[in-house]
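>>> Structure for the following, please:
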Amino acid sequence: MYINKATILGNLTRDPEMRALPNGTKVTSFSLATNRTWKGADGTRQEATEYHNAVAFAKPAELIAQYCKKGSSLYIEGRLQTRSWEQEGQKKYRTEIVVENFQFGPKPTGGTSTYNADQSASSKKDAPKNAKEDDLESIEYPQENVNVDDIPF
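Modelled structure (predicted):
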């Protein structure tokens, strides 16, 4: 058995860039920064920043491009994938996280939103009466009551 899984919670380093494949599928590329802090041998606080490239397809790509911007907090789950290409006679490589699930980070009002590619769409009877048909596909309602104090971040 093999596992290829990446889980990142970070901030976008630039605005997401959305484009379309020849078959019409939307693709959004973005980069997340994560920080790590520790105490050095001399007791001083040390900090290091890592940058992670990510790519999302289809509905997640559209949602991330629409609602995220530079500095936004985003939690992603996905798999690592390395692609290669030739540029000016030189072989180039790029390792990215292919997003399978994501969750928007905290907003100034403290709310979050989740998207899971494996979940089915919510039923329309739960949607607000004044919602547009296009918006109904992106609304997800929790199956149980969520206590804000239980959220780990």
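>>> pLDDT weak spots in this structure?
108-153 (pLDDT under 70).
>>> Please, which helix or strand holds the closest residue to Gly71 other than its chain neighbours?
Of all residues not flanking Gly71 in the chain, Asn11 sits nearest, at 5.8 Å (C-beta to C-beta, 6 or more residues apart in numbering). In this view, the C-beta of every residue, glycine as well, is placed from N, C-alpha and C. Per DSSP states H and E, Asn11 falls inside strand 6-12.
>>> Give the partner strands of that strand in its sheet and their orientations.
strand 26-39 (antiparallel), strand 73-87 (antiparallel) (DSSP bridges).
>>> can you give me the angle the longest helix anywhere in the chain makes with strand 6-12?
Identified as the longest helix of the chain according to DSSP state H is helix 58-67. Using axes from the mean of the first three to the mean of the last three C-alpha atoms, to 10 degrees, the direction of helix 58-67 lies 20 degrees away from that of strand 6-12.
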